[in-house]
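Participant: What follows is a predicted protein model with its sequence.
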Amino acid sequence: MAHEICHHIKDRSHKQLCPISGNKSAIEKFADQCASAFLMPKHIRDMMVRLLAPTPDDRICDPACGTAGFLVSSAEYIREKYESEMTAEQWERFAGDTFTGFDTDRTMLRLSAMNLMLHSISNPHINYADSVSKQNEIWERF
């Protein structure tokens, strides 16, 4: 499915891009082509998530989410550790309210929303916001 989606993503010069090859995900490959993207390697994200040890009751926020790799790694960790014991309420929250991400690049926001949906986070909270600006009040929620 990601392969089909990538065939339809076009860059600013309107030529089609299909960045699938090797062991990187299509979304990470495409993001590599965006000048503003900084991608943290998956093994580093996974290590950070294991150190934080999120639970199904936590709210997880990435204030500069890029392609949402940290949020995806968090979701994978929660599924791996708690899937068999999660309640219906926790699964409902897992599909949306558990994961929040912010970025100032609208292309990254679209990619992160798509990445989360491809990883069964059907209603992620991904928003345009400058997380370090004193003009926002998002910090109050976390």
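Facilitator: Done, it's in.
Participant: drop to CA atoms for contacts and neighbour counts, all remaining ones
Facilitator: Noted.
Participant: and the most centrally placed residue in the chain, backbone torsions?
Facilitator: Centroid-nearest residue in the chain: Ala68, 1.8 Å away (criterion: Cα atoms, centre = their mean). Note on Ala68: its backbone torsions stand at phi 70, psi 30 [degrees, to the nearest 10].
Participant: Check Thr100 too.
Facilitator: Per degrees, to the nearest 10, the backbone of Thr100 is at phi -130, psi 140.
Participant: so who does it touch?
Facilitator: Arg59, Ile60, Cys61, Asp62, Leu71, Pro124, His125, Ile126, Asn127 (Cα atoms under 8 Å, 6 or more residues apart in numbering).
Participant: Compare the residues you listed and tell me which has the most neighbours.
Facilitator: Leu71 (26 neighbours; other Cα atoms under 10 Å).
Participant: Surely that residue forms part of a helix?
Facilitator: Yes. Membership of Leu71 in a helix is supported by DSSP: H, G, I helix; E, B strand; the rest coil.
Participant: which residues touch the nearest residue to Phe99 once chain neighbours are set aside?
Facilitator: Distance criterion Cα to Cα, 6 or more residues apart in numbering; nearest residue to Phe99, sequence neighbours excluded, is Ile60 at 5.1 Å. In this structure, Ile60 makes contact with Pro54, Leu71, Ser74, Thr98, Phe99, Thr100, judged by Cα under 8 Å, 6+ apart.
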